[in-house]
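Visitor: Structure for this input, please:
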Amino acid sequence: MRVDAHHFYLELAASLEYKLYQEISERTWLAECIYASLLFPERFEAIDTLFNRNVSLKPILKKTGLKKIAAQAKKISDTFIDRRPWEDYLLAGFSVSLCQLTSSLYFIKRLKRRFPNLCMVIGGSSFSGTSPEALFELLPEVDVVINGEGEQPLSQLVGGLKEGSNLDDLPPIEGVIRPKSVYNDEDKNTFSQLNSLNKLPPPDYDDYFALLNSFKAQKVFFPVLPIETSRGCWWKKTSPSGKSSGCAFCNLNLQWEGYRSKDPAQVVDEIDRLTGKHQSLSVALVDNVLPRKNSKKIFEKLSLLKKDLGVFAEIRATTSKPELKKMAQAGVQEVQIGIEALSTSLLRKLHKGTTAIQNLEIMRDCQALDIANYSNLILHFPGSDEQDVTETMRALEFVTPYHPLKTVAFWLGLGSPVWLDPKAFGIRSVFNHPNWGVLFPKKNLSRMQFMIQAYRGDLGYQRKIWGPVEAKVKTWKKTYSELNGGALRSPTLNLRDGRNFLIIHQRNLNSETINHRLVGTSRLIYLFCRHHRSIKRIRDRFPAFSEDKILSFLKMMVNKKLMFEEKDRYLSLAVNVKRL
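Guide: Model (predicted):
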């Protein structure tokens, strides 16, 4: 069968200018406002108010305004719809993720009005965990909802329609939900996914590149190629009793059951073929978390390609330094680490399974390997308290040599552990985020549960106690930028080893660099603590050095911000200038 993949958003981005489009795409409410104003023009004033509330730090959007952006989006959208031979298609499918609900709805409504016999199918993460009945009430133009992973259900659906069967006459298909099945309890909430990802062919980006290369030269760019090595999250587990574990705030894996990963050779072959075919060396590994067992093999094989790749990956804070080194050698240049907090007490509440000292260690290791770390620091998590803030503020005193984290306010995701058990986190009630009530008429919201939720709880308290952390991170960003602004500058806290002595250079803002020399056992202890060590491990490693002397040395190092201490565990903070 012929399948066309229409990357309409690329046309819109080129029309609006890429910088403007990028600013919109980074905020859900900005993106949803544009097409909501086209769907419900009678609500424009309220939607415009919401839009303006979200552009305070984006001057280019404030200057352009919603009315102008929406008018251009309508012009480009309608032109796109008008010039396609929709009557030739058997089915039109929409995969909907964040920022794409109202735009998909706009296209669906326009197409169904003009081509009532065209089978409309939707799926994607935005509809995972939602009520099928509510979906069909919100989207009456939709004929089919794909629940969860799409390959198997969609292929069976297309196969049935291709044979000439009427949609209503098709037998039940796992993962395919139709209005009649919702009310007759036939295939309601069924789920179907591949047993092995190795059965998947390489992703086909030909339509995307054909469109991109049709633009004028100044609009053509080198895109990042998305590659998946796995689906799901191995950190998220379900017990025999049905209780699910995993990060408390996360709802990224509702569309999967379990965790599956591709064979390393298959992953590397896909990267090799796609980068060669499309002549682009930027790759994003789009996994929620890299395979625990196979990622080492993937990066070892990638290194053998002898390509100067630029790779992005999301990793856990437990990733070891040798693993990071293999990643760097394979071309990993940017990572997002599951740091989320610099307080161990808060990390426990987040169900991260990590500690603050582990987070500092991987931040240091990324700095040493020149891997850009674009990770988040979650603020306002329900149930967090002043102890969490105090621990965070203390840790922030030690992290200034490393790439700053990005502060993000906690938002409640549908289906996340917090949403499923709100009382455990001090939440009194959960409901759709009020912004949905601005974007949609009330009649559309009666039973629909959107992916972004809101809650009643300790919001005011959380905003109050986390204020100092927000201010501290702003100072961290400013200091880091000023200290690292010059070319060819070494890390602000770095060491050089002289075999029987080492020198630590500590650059500071608005003051001279402080140099520290460690010799003998002091040097050995500092090098031993490049991986965080307990006081017992240190004492056992250096039995000739009395515990009092060890503790005195460690305390001095902590006071000078050269080491970090957490519950009798110690970590050396200086980065080796040889990029170990």
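
Visitor: Can you list the residue ranges for helices in the stretch 101-250 of the chain?
Guide: For the stretch 101-250 of the chain, applying DSSP state H, counting those that start in this stretch gives helices covering 101-114, 132-138, 151-162, 179-184, 206-212.

Visitor: Show me which residues of the third one are buried.
Guide: Neighbour counts using 16 or more other CB atoms under 10 Å place 152, 153, 154, 156, 157, 158, 160, 161 of helix 151-162 among the buried residues. For the C-beta atoms, the positions are set from N, CA and C on the backbone; glycine is no exception.

Visitor: List just the nearest of these to residue 198.
Guide: Closest approach to residue 198 among those (CB to CB): residue 152, at 14.6 Å.

Visitor: Over to the residue nearest to that closest one when sequence neighbours are not counted: give its phi and psi.
Guide: Excluding its sequence neighbours, the residue lying closest to residue 152 (CB to CB, 6 or more residues apart in numbering) is residue 192, at 4.8 Å. Main-chain torsions, residue 192, degrees, to the nearest 10: phi -150, psi 130.

Visitor: Need the pLDDT of residue 192.
Guide: On pLDDT, residue 192 comes in at 89.

Visitor: What of residue 181?
Guide: Reported pLDDT for residue 181: 64.

Visitor: about what we covered before: got CSV for the helices of the stretch 101-250 of the chain, with distance to residue 73 too?
Guide: Formatted as CSV, the helices of the stretch 101-250 of the chain follow (distance: least, CB to CB, whole Å):
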stretch, distance to residue 73
helix 101-114, 8
helix 132-138, 21
helix 151-162, 28
helix 179-184, 30
helix 206-212, 17
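
Visitor: Lowest average pLDDT across those helices?
Guide: Minimum mean pLDDT among the helices of the stretch 101-250 of the chain: helix 179-184, a mean of 65.

Visitor: What residues does residue 154 make contact with?
Guide: By CB atoms under 8 Å, 6 or more residues apart in numbering, residue 154 lies in contact with 93, 121, 123, 146.

Visitor: now with 7 Å?
Guide: Going by CB atoms under 7 Å, 6 or more residues apart in numbering, residue 154 touches 93, 146.

Visitor: again with residue 350
Guide: Residue 350 neighbours (CB under 7 Å, 6+ apart): 247, 248, 249, 340, 341, 381.

Visitor: Distance of it relative to residue 180?
Guide: 42 Å (CB to CB, to the nearest Å).

Visitor: Where does pLDDT dip in the stretch 201-350 of the chain?
Guide: Low-confidence segments of the stretch 201-350 of the chain (pLDDT under 70): 238-244.

Visitor: Help me confirm that residue 120 comes into contact with residue 92.
Guide: Yes. Using CB atoms under 7 Å, residue 120 and residue 92 qualify as a contacting pair, with a distance of 5.8 Å.

Visitor: Residue 245 contacts residue 233, doesn't it?
Guide: No. The pair residue 245 / residue 233 is not scored as a contact, 10.3 Å apart, by CB under 7 Å.

Visitor: neighbour count winner among these two?
Guide: Neighbour count, other CB atoms under 10 Å: between residue 245 and residue 233, residue 233 has more, with 20 against 13.

Visitor: Near the residue lying closest to residue 528 once chain neighbours are set aside, how many residues? Count them for me, please.
Guide: Leaving aside its sequence neighbours, residue 528 sits nearest to residue 541 (CB to CB, 6+ apart; 5.9 Å). When neighbours are counted by other CB under 10 Å, residue 541 registers 14.

Visitor: ok, back up a step: now the buried residues of helix 151-162 as JSON lines including distance to residue 414?
Guide: Converted to JSON lines, the buried residues of helix 151-162 look like this (distance: CB to CB, whole Å):
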{"residue": "152", "distance to residue 414": "24"}
{"residue": "153", "distance to residue 414": "21"}
{"residue": "154", "distance to residue 414": "23"}
{"residue": "156", "distance to residue 414": "27"}
{"residue": "157", "distance to residue 414": "25"}
{"residue": "158", "distance to residue 414": "29"}
{"residue": "160", "distance to residue 414": "31"}
{"residue": "161", "distance to residue 414": "30"}
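
Visitor: Closest one to residue 127 out of those residues, please.
Guide: Out of these, the member with the shortest distance to residue 127 (by CB to CB) is residue 153, at 12.8 Å.

Visitor: And the closest one, how close does it get to residue 448?
Guide: 22 Å.

Visitor: what's the answer for residue 538, then?
Guide: Taking CB to CB as the measure, residue 538 and residue 448 are separated by 57 Å.

Visitor: again, but for residue 379
Guide: 28 Å.

Visitor: Look at those two and report which has more neighbours.
Guide: Of the pair residue 379 and residue 448, residue 379 is the one with more neighbours under other CB under 10 Å, namely 21 against 17.

Visitor: Test my guess that residue 330 contacts residue 302.
Guide: Yes. Between residue 330 and residue 302 there is a contact under CB under 7 Å: 3.9 Å.

Visitor: Give me the common contacts of these two.
Guide: Residues touching both residue 330 and residue 302 by CB under 7 Å, 6+ apart: residue 309.

Visitor: For those two, work out which one has more neighbours and name it.
Guide: residue 302 (24 against 21).

Visitor: helix, strand or coil for the more buried one?
Guide: Classification of residue 302 using DSSP: H, G, I helix; E, B strand; the rest coil returns helix.

Visitor: Next up, the contacts around it.
Guide: 268, 271, 309, 330, 331.

Visitor: So which of those residues belong to helices?
Guide: Counting by DSSP state H, the part of those found in helices is 268, 271, 330.

Visitor: what's the neighbour count on the first one?
Guide: Residue 268 is flanked by 23 other residues according to other CB under 10 Å.

Visitor: So it sits against residue 298, correct?
Guide: Yes. Using CB under 7 Å, residue 268 is in contact with residue 298, at 6.3 Å.

Visitor: so who does residue 323 touch?
Guide: Contacts of residue 323 (CB under 7 Å, 6+ apart): residue 296.

Visitor: repeat for residue 49
Guide: So residue 49 contacts nothing (CB under 7 Å, 6+ apart).

Visitor: ok so it is a helix residue?
Guide: Yes. Checked against three-state DSSP, residue 49 lies within a helix.

Visitor: contacting residues for residue 108?
Guide: Here residue 108 is in contact with 94, 120, 139, 141, 142 (CB under 7 Å, 6+ apart).

Visitor: 10 Å instead?
Guide: Residue 108 makes contact with 92, 94, 96, 118, 120, 121, 122, 139, 140, 141, 142 under the criterion CB atoms under 10 Å, 6 or more residues apart in numbering.

Visitor: could you give the angle of the helix or strand hosting the second one to helix 151-162?
Guide: Mapping residue 94 onto the secondary structure by DSSP states H and E places it in strand 91-95. Relative orientation of strand 91-95 versus helix 151-162 (axes from the mean of the first three to the mean of the last three CA atoms, to 10 degrees): 160 degrees.

Visitor: In the stretch 401-550 of the chain, where is pLDDT below threshold?
Guide: 486-489.

Visitor: 90 - rerun?
Guide: By pLDDT under 90, the weakly predicted segments of the stretch 401-550 of the chain are 442-449, 483-491, 508-512.

Visitor: where do the helices sit along the stretch 401-550 of the chain?
Guide: For the stretch 401-550 of the chain, the helices defined by DSSP H, counting those that start in this stretch cover 417-420, 434-439, 459-483, 520-528, 535-541, 547-559.

Visitor: Centre of the chain to the third one, how far?
Guide: Right, the one you point to is helix 459-483. Helix 459-483 sits 21 Å away from the centroid of its parent chain (CA atoms, centre = their mean, to the nearest Å).

Visitor: Show me this structure divided up by domain.
Guide: The record's domain parsing of the chain by automatic domain parsing lists 8-184, 493-576.

Visitor: For residue 84, which non-adjacent residue is spatially closest?
Guide: residue 6 (7.5 Å).

Visitor: Would you reformat the contacts of residue 302 as TSV and include distance to residue 100?
Guide: TSV is the format used below for the contacts of residue 302 (distance: CB to CB, whole Å):
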residue	distance to residue 100
268	31
271	26
309	29
330	32
331	30
